[in-house]
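In: Using only what follows, build the 3D model:
(one chain, ligands or ions: 1)
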Amino acid sequence: MEKRSVWGSKIGFILASAGSAIGLGAMWKFPYVMADNGGAAFLVLFMVFTLFIGMPLLLAEFVIGKHGKTYSTEVFGKITGNKYYNLIGHLGNVGVFFLLSFYSVIGGWILLYMMRTVYVIVTNQHTKNYETLFDQLISNPIYAVLGAALFIFLTAIIVSRGIQDGIEKASKIMMPMLFIAFIVIIIRSLTLPNAMDGVVYFLKPDFNALNAEGVLFALGQSFFSLSVGFGGMLTYASYLDKKTDIVQSAFSVVGLNILVTILAGLAIFPATASLGIDNAQGPGLLFIVLPYVFDQLPFGSIFYLIFLSLFFFATITSSISLIEINVSNAIKYEQKKRKKYVYFIALLLFILCVPSALSNGTLSQMKFLAGTFFDNMDYLVSNIMLPIGALCYALFAGYKLDGAIAKQELMDNKYRGLFKIWVFLLRYVIPLVILAVFITLMIK
Ligand code: PFF
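Out: Purely as a prediction, here's the structure:
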């Protein structure tokens, strides 16, 4: 087999992994799902799940990837000698494909908004009704499909350049810029009149408003926003050298992800409270609320464009990790043909994303199970496939992975106390929580 790529630096790996984690989950989905499910109660539950379920799973992906140094559809067989375990990798490979099909539609909306904002800056033609604008934009079939196509294409360009020149370089530039832009918008948001009402809403839990479905969403969100369950983090860790401390890396990724979740809340909820906008607006929250916020600023459109660009960075650093799972497996025996495979996979993705792109317009009446095609893809991935993937990772790392290997990868002496807790969580707590949430929902 040909030689595999490696990261250029540890910080490159951490930023790429944090880039994978931080994305639509924390910045777009979290705020509106939280608003629908008990506000801060959901936040508390999400943090508990992230620390005790998402984090151990992230470590499991890191350990398996770093130790196995191979593809997500091969590593499980390599470790156990039983190739049937590779099904875990195949599940992830299919899952990311479904995930990207709707992820790229939202990526496309961001791009469309960026173009529109440039138009506004140039022509000075402002809109006052952002609800209508959003509806018009996402229901237009040409815009929606072209936006998604462009997003997939940009993802493909980065991934086609490989690990160090593409993914690592992109993450190192985009991630720091994301934080700088957050600071600007949060300061603006917190200085609006009545902003504190939003902060109170964000931080004061109401556990009565949380039902079984909310618990499932919080659980799904902890997997989704840490990118665990499909082997993305495993794939990134497979490009590591022996020396990297993965426990420290996992803490950094989780910490940054929680930080962005909180920053997103602090950017949005004070602004909605101040402007009297309903938080439970669903997927449009970010696209409808933020323009109002930026309209209150001098040079608002320029700030909005900067913010959209950063939101775009967060999204594309996640989508490159998603597509990389498929690509790394596809080029298993032909490392030199990365480019060709990337564009082929991008084309397949584009085909699958069309029904999702049309779900808010042409196909909006075609509803089944969870709603439109888009809603179904989201529900299937976030609430079914990711939890199943996560369950498989927990059981595999808890029961099948040799303890000695895990200990060695986790750097035995430094984290001895942690090892026992990690195994306990993987063996008992995580499987039980996932099953309990599933069963509760089924008998409901
Ligand atoms: N963590 C990403 C987000 O929150 O947007 C989504 C994601 C990326 C999920 C990669 C799974 C994955 F393998």
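
In: residue contacts, V289?
Out: 268, 271-272, 275, 277, 281 (CB atoms under 8 Å, 6 or more residues apart in numbering). The way it works is simple: take the backbone N, C-alpha and C, and place the C-beta from them, glycine included.

In: Of the residues you listed, which belong to helices?
Out: Residues of the contacts of V289 located in helices (DSSP state H): 268, 271-272, 275.

In: Pipe those residues into a markdown table and attach distance to the ligand and neighbour count per row.
Out: Below are the ones in helices among the contacts of V289 laid out as a markdown table (distance: CB to the nearest ligand atom, whole Å; neighbours: other CB atoms under 10 Å):
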| residue | distance to the ligand | neighbour count |
| --- | --- | --- |
| I268 | 16 | 28 |
| A271 | 21 | 24 |
| T272 | 21 | 28 |
| L275 | 26 | 16 |
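
In: from these, which is closest to S20?
Out: Of all the ones in helices among the contacts of V289, I268 has the smallest distance to S20: 22.4 Å, by CB to CB.

In: Test my guess that Y130 contacts Y292.
Out: Yes: here Y130 reaches Y292: they are 6.3 Å apart, a contact under CB atoms under 8 Å.

In: what residues does the chain put near the ligand?
Out: 20-21, 23-26, 96, 224-225, 227, 230, 232, 318, 321-322 (CB under 6 Å from any ligand atom).

In: hmm, 8 Å instead?
Out: By CB under 8 Å from any ligand atom, the residues of the chain that approach the ligand are 20-29, 92, 95-96, 99, 103, 223-233, 257, 314-315, 318-319, 321-322, 325, 386.

In: From those, which land in helices?
Out: 20-21, 24, 92, 95-96, 99, 103, 223-226, 232-233, 257, 314-315, 318-319, 321-322, 325, 386.

In: Select only the buried ones of the residues you listed in ChimeraX?
Out: In ChimeraX syntax, the buried subset of these is picked out as below (16 or more other CB atoms under 10 Å):
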select :20,21,24,92,95,96,99,103,223,224,225,226,232,233,257,314,315,318,319,321,322,325,386
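
In: Which of the helices or strands spans the nearest residue to E409 once chain neighbours are set aside?
Out: Excluding its sequence neighbours, the residue lying closest to E409 (CB to CB, 6 or more residues apart in numbering) is V63, at 4.6 Å. Assigned by DSSP states H and E, V63 belongs to helix 55-68.

In: shaky segments in the chain?
Out: Scanning the chain for pLDDT under 70 picks out the ranges 1-3, 280-282, 411-413, 441, 444.

In: ok, which stretches of it are strands?
Out: Remark: no strands are assigned in the chain by DSSP state E.

In: what sits against the residue of the stretch 151-300 of the chain found nearest the ligand?
Out: Proximity of the stretch 151-300 of the chain to the ligand (CB to the nearest ligand atom) peaks at G232, 2.9 Å away. G232 makes contact with 20, 61, 92, 96, 321-322, 324-325, according to CB under 8 Å, 6+ apart.

In: what does S20 give?
Out: 227, 232-233, 236, 317-318, 320-322.

In: Not counting its neighbours along the chain, what's nearest it?
Out: Nearest to S20 is S321, by CB to CB, 6+ apart, at 3.5 Å.

In: likewise M385?
Out: G95 (4.4 Å).
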